[in-house]
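Undergrad: Sequence first, then the predicted structure:
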Amino acid sequence: MSAAATAPTATSSTSAASRGILLMLLLPGLVALVITFLLPLIWLLRASFTSSTMSAFGGGDLTTQSYSTVLFDPFYWRVTWNTLVLGFNVAIFAVVLSYPIALFLARTESRFRGVLTALAVAPLLTSSVVRTYGWMVILGDRGVINSTLQSLSVTSGVIKLTNNSFGATVALIEILMPYAILAMLSGFGRLNAQLEEAAAMLGANRFKVFTRIILPLSLPGVLTAALLVFVLAISSFVTPRLMGGGRVFVLGTEVFNEATVTLNWPLAAALSVMLLVLFSSIILLYQRALRALEA
Amino acid sequence: MQENALLARITWNTLITLLYFFLLAPIIIVFIISFDTRQYLAFPPESFSLGSYVKVFHNAKFISAFWRSLIIGGIVGVVAVSAGMLLSLSLVRYKFRGRAAVNFLILAPFLVPHIVLAVGIMLVIAPLGLLDSYPGIVLAHLGITIPYTVRTITMSLMAVDTRVEEAALVHGASPRMVFWRITLPLVRPGLIAGGVIAFLISFDEATISLFIVSVKASTLPTEIYHYLEYSTDPQIAALSVILILISVGVVVAVEKLIGLRRAL
């Protein structure tokens, strides 16, 4: 059945037979995407207007009760604020720390370039749970940093680096850096060594070459990286939950809490919708900024 | 001037090395800790042994979760590649009304946070009784993996020279034969890369899984998550190293096949 699709004449054909084949090609994937993507979003929206977990599946009166909780309870204001602060901190530091690596990888002529790129991106393909654990080991009360400081007699007590937002921020910065590096690498296509040489030859010093040529040309890539890290950070929950030890309250942790612990599914749904709105507005803002930059 | 340039070079290289160190720190530390055998987390390790690895292999919970993750990842890989192949064929070889909508539906999951999808999927499959079941978790992982398989397969498919297919048809091959003997072998790198990425996403995914599974269909990342809520002992480090080695093995395989940056 799918065989006829390879026939080159199929490209613009609209015969009934080829339409049937097309339908069969599309059906499995579309059904899967509708069930696992489109329906969930619709169900989510509906559940957010229901009054109890029992009625979250349909039936029952619609109410905006969950939204008034989300919008008027000071606790959720703080949660939203914490989420945005976490997102900004993580985005700024991840971009600043990733920029040199991306610049290095984009310009290096080392024969190890492939290996170095893989090394920078490979952490992306290990579970975030595993890497969060790594940070628990490094920053924990009896972790690498605290034991080292104590054995060097710098401090006698424990410096609290986990179970707070500091730990969550540091871990998220590192966990999201590969995304930033990838985004910058694909955005650095316009960087041009000859342009830099020309500027240097015309008397520009290193600083000037950087601020006048490298930085402006790499700005779109930087912006994309910042956006990507920000949206991933505000929707994260595994790392804030584990590194925060239950003391860091962000939208992600609260959605998980309402969905699996308190089992208040309408509230979990309303918080998710909030997160989605936040997420989409940031992306729209980004597109505006990028267009302004390009113009 | 000369010395200045040298100094700048050294500073720059040191900075890059330090940043790489930061990026890889958790993985390096986990590797070191995994050779410790104490019941609690401490640094540096008291002694170096494989005791924690032995413990992992005797932990029935981890072992069964590992096999479940492997099976779930395998099914997700195969289904996502099959559906992705068919979708890619329709998108590359056909022009039809609604093509833009299909394209959007394939790209859209990239634009929705996993945690939001997770709540939605939970709401959809709960009334069907699929929470904490194999079909439930496979379905949950399909939505986030199909976009990747479509991407890799579409790239491979666009690189196929249709004249080769034409030539085979002219020489009397049936369309079915052309598909199995020509088109499919030519896009094999894309199929393998897509399948591997889908497997890896499913195998490593924690966010959506934590909403969908609890006991019966728990995957390795969810077991590790729940374990970490109470304890951070070196056993998890050993388990993490095993997981990292699996990921690295897969990454190396993908790099060899089609190049990592194209696959992502």
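TA: That came in fine, so what should we check first?
Undergrad: When you work out contacts or count neighbours from here on, use the C-alpha atoms and nothing else.
TA: Noted.
Undergrad: what's the closest non-adjacent residue to residue 213?
TA: In the absence of a named chain, this looks at chain A. residue A:196 (6.9 Å; Cα to Cα, 6 or more residues apart in numbering or on different chains).
Undergrad: meant chain B actually
TA: The shortest distance from residue B:213 to any non-neighbouring residue, by Cα to Cα, 6+ apart, is to residue B:132 (3.9 Å).
Undergrad: The stretch 1-150 of chain B: helices as residue ranges?
TA: Taking DSSP state H, counting those that start in this stretch to define them, one finds helices in the stretch 1-150 of chain B at B:2-33, B:51-58, B:60-93, B:99-107, B:114-125, B:134-159.
Undergrad: returning to that earlier point: any idea how far the one helix or strand the residue nearest to residue A:213 maps to is from the chain center?
TA: Counting by DSSP states H and E, the element that carries residue A:196 is helix A:193-201. The chain centroid and the centroid of helix A:193-201 are separated by 35 Å under Cα atoms, centre = their mean, to the nearest Å.
Undergrad: how about it: buried residues?
TA: Using 16 or more other Cα atoms under 10 Å in any protein chain shown as the test for burial, helix A:193-201 gives A:196, A:199.
Undergrad: helices or strands next to it in the packing?
TA: helix A:206-209 (3 or more Cα pairs under 8 Å, 6 or more residues apart in numbering or on different chains; DSSP states H and E).
Undergrad: Check which residues of whichever helix or strand comes after the helix it packs on are buried.
TA: Downstream of helix A:206-209, the first helix or strand assigned by DSSP H and E is helix A:215-234. Neighbour counts using 16+ other Cα under 10 Å place A:217-234 of helix A:215-234 among the buried residues.
Undergrad: Contacts for the following helix or strand past helix A:215-234, please.
TA: Sequence-wise, the next helix or strand downstream of helix A:215-234 (DSSP H and E) is helix A:238-244. Around helix A:238-244, the neighbours that count as contacts under Cα atoms under 8 Å, 6 or more residues apart in numbering or on different chains are A:128-129, A:132, A:135-136, A:162-165, A:167-169, A:171-172, A:247-250, A:253, B:206-207, B:225, B:228-229.
Undergrad: Please, where are all the strands along the stretch 1-150 of chain A?
TA: Taking DSSP state E, counting those that start in this stretch as the criterion, the stretch 1-150 of chain A carries no strands.
Undergrad: So, low pLDDT: which residues of it?
TA: A:1-14, A:53-60 (pLDDT under 70).
Undergrad: wait, what's in contact with the spatially most central residue of chain A?
TA: Taking Cα atoms, centre = their mean, the centroid of chain A lies closest to residue A:232, which sits 1.7 Å from it. Applying Cα under 8 Å, 6+ apart to residue A:232 gives the contacts A:176, B:113.
Undergrad: what's the answer for the one 3 residues further on, then?
TA: Residues in contact with residue A:235, defined by Cα under 8 Å, 6+ apart, are A:251-252, A:275, B:113-115.
Undergrad: so what secondary structure elements neighbour the longest helix that chain A contains?
TA: Across chain A, the longest stretch assigned as helix under DSSP state H is helix A:74-107. The helices and strands touching helix A:74-107, judged by 3+ Cα pairs under 8 Å, 6+ apart, are helix A:65-72, helix A:113-121, helix A:165-187, helix A:215-234, helix A:251-256, helix B:2-33.
Undergrad: Give me the contact list for the second one.
TA: In other words, helix A:113-121. A:105, A:178-179, A:181-182, B:20, B:23, B:260.
Undergrad: Please name the nearest non-neighbouring residue to the closest residue to chain B within the stretch 101-250 of chain A.
TA: Distance from chain B to each residue of the stretch 101-250 of chain A (Cα to the nearest Cα) is smallest for residue A:134, at 4.1 Å. Closest residue to residue A:134 apart from its sequence neighbours, by Cα to Cα, 6+ apart: residue B:26 at 4.1 Å.
Undergrad: how many other residues sit next to the one you found?
TA: Residues lying near residue B:26 (other Cα atoms under 10 Å in any protein chain shown) number 24.
Undergrad: same deal with the one 4 residues further on?
TA: Using other Cα under 10 Å as the criterion, residue B:30 is surrounded by 26 other residues.
Undergrad: residue contacts, it?
TA: Contacts for residue B:30 (Cα under 8 Å, 6+ apart) come out as A:133-134, A:137, B:237-238, B:240-241.
Undergrad: repeat that with 10 Å
TA: By Cα atoms under 10 Å, 6 or more residues apart in numbering or on different chains, residue B:30 lies in contact with A:130-131, A:133-138, B:234, B:236-241, B:244.
Undergrad: Give the buried subset of those residues as a PyMOL selection command.
TA: In PyMOL, the members of the contacts of residue B:30 classed as buried (16+ other Cα under 10 Å) are selected with the following command:
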select buried, (chain A and resi 130+131+133+134+135+136+137+138) or (chain B and resi 234+236+237+238+239+240+241+244)
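Undergrad: so where is chain B shaky, pLDDT-wise?
TA: B:1-2, B:39-43, B:251, B:254-255, B:257-264.
Undergrad: For the residue in the stretch 101-250 of chain B that chain A sits nearest to, give its distance to residue B:211.
TA: Of all residues in the stretch 101-250 of chain B, residue B:120 sits closest to chain A, at 3.9 Å by Cα to the nearest Cα. Applying Cα to Cα, to the nearest Å, the value for residue B:120 to residue B:211 is 10 Å.
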